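Participant: 3D model of this:
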Amino acid sequence: MGFTPSKMFEKHKHKVPMLSLSNAFNSEDLHNFEKKIFNYLNQNIKIEYSVEPKIDGISASLYYKKKKLIIGVSRGDGKVGEVITENLKTIKDIPQEITYPNFPEEIEIRGEVFIKKKDFIKLKDNFANPRNAAAGSLRQLDSKIVARRPLKMIAHGIGFISDESYFESHSSMIQQFKKWGLPTNDLVKEFASINDCESYFNEIALLRDSLDYEIDGMVI
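Facilitator: The predicted model follows:
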């Protein structure tokens, strides 16, 4: 989710737009999604799907150069975001410098900032839900206030990378994130068929209330 960049923050144009996800609301939509993939490739080849819960939070980008976090940006309207570097630096999950030896010269890592259900209890008098609490926190002008908010983040993708051949697949990217010390979702799984993806969706739906964060679907 995004919002129009505020005049109170410095603006930053994303090198690669942060586009919205396409939606599938039922089994037919899911199978049509697979058909479009094969039609685009013009052949029925073996592919693998990476599936994970879609955490209901706020999208953000982390720009690393020479292993150091240079700038942190909100999604904004998808093309232009707000510079919220100091606020993102207060999140303990986010490494400000990567110590792993093998790391791209420059990379933009995208993720979701959120607040866990149990942590939201202390904030519920001031915000309608955990997502609003995360959004309100990231748009604070005083990073000291943000530091007192129980924000978390998971990395789920990239926007820009200086070496495009770095990852062989989405799943290998997630595994590499872990090696770099970035937080990822433990419920990311790989499947060989769209039917298996649908089964996993149903499995997560049953577990939804027991998860320690709010979700609003699954990402395939």
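Participant: okay, L19: pLDDT?
Facilitator: L19 is assigned a predicted lDDT (pLDDT) of 89.
Participant: nearest spatial neighbour of it, chain-adjacent residues omitted?
Facilitator: G78 (6.1 Å; Cβ to Cβ, 6 or more residues apart in numbering). The C-beta positions use only the backbone N, C-alpha and C, and glycine is treated the same way.
Participant: who's in contact with that neighbour?
Facilitator: 2, 14, 17-20 (Cβ atoms under 8 Å, 6 or more residues apart in numbering).
Participant: could you export those residues to JSON lines, including columns for distance to E86 and neighbour count?
Facilitator: As requested, these are exported to JSON lines (distance: Cβ to Cβ, whole Å; neighbours: other Cβ atoms under 10 Å):
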{"residue": "G2", "distance to E86": "20", "neighbour count": "16"}
{"residue": "H14", "distance to E86": "19", "neighbour count": "21"}
{"residue": "P17", "distance to E86": "24", "neighbour count": "13"}
{"residue": "M18", "distance to E86": "20", "neighbour count": "22"}
{"residue": "L19", "distance to E86": "27", "neighbour count": "10"}
{"residue": "S20", "distance to E86": "27", "neighbour count": "11"}
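Participant: so which helix or strand takes in the residue most central in space within the chain?
Facilitator: In the chain, the residue lying closest to the centroid (Cα atoms, centre = their mean) is G111, at 2.6 Å. Using DSSP states H and E, G111 sits within strand 106-115.
Participant: each with direction, which strands does that strand pair with?
Facilitator: Sheet neighbours of strand 106-115, with direction, are listed as strand 58-65 (antiparallel), strand 151-161 (antiparallel) (DSSP bridges).
Participant: moving C-terminal from it, which element do we reach first?
Facilitator: Downstream of strand 106-115 (by DSSP H and E), the next one is helix 117-120.
Participant: contact partners for the closest residue to the residue nearest to the centre of the chain other than its chain neighbours?
Facilitator: Spatial nearest neighbour of G111, chain neighbours left out: A155 (4.2 Å); criterion: Cβ to Cβ, 6+ apart. Residues in contact with A155 (Cβ under 8 Å, 6+ apart) are 62, 109-111, 177, 182-184.
Participant: of these, which is the most crowded?
Facilitator: Ranked by the number of neighbours (other Cβ atoms under 10 Å), the contacts of A155 place G111 first, at 28 neighbours.
Participant: any idea what that residue is bridged to?
Facilitator: Per DSSP bridges, the residues bridged to G111 are A60, A155.
Participant: where does pLDDT dip in this structure?
Facilitator: In the prediction, the chain carries residues with pLDDT under 70 at positions 1-7.
Participant: mind listing the helices for it?
Facilitator: For the chain, the helices defined by DSSP state H occupy 27-41, 85-88, 117-120, 130-138, 143-147, 170-180, 194-207.
Participant: would you turn the ones you listed into CSV with distance to V188?
Facilitator: Output for the helices of the chain, formatted as CSV (distance: least, Cβ to Cβ, whole Å):
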stretch, distance to V188
helix 27-41, 18
helix 85-88, 22
helix 117-120, 20
helix 130-138, 21
helix 143-147, 27
helix 170-180, 5
helix 194-207, 11
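Participant: so which of the ones you listed is nearest D56?
Facilitator: Nearest of the helices of the chain to D56, taken as Cβ to Cβ: helix 130-138 at 5.1 Å.
Participant: sounds good, over and out.
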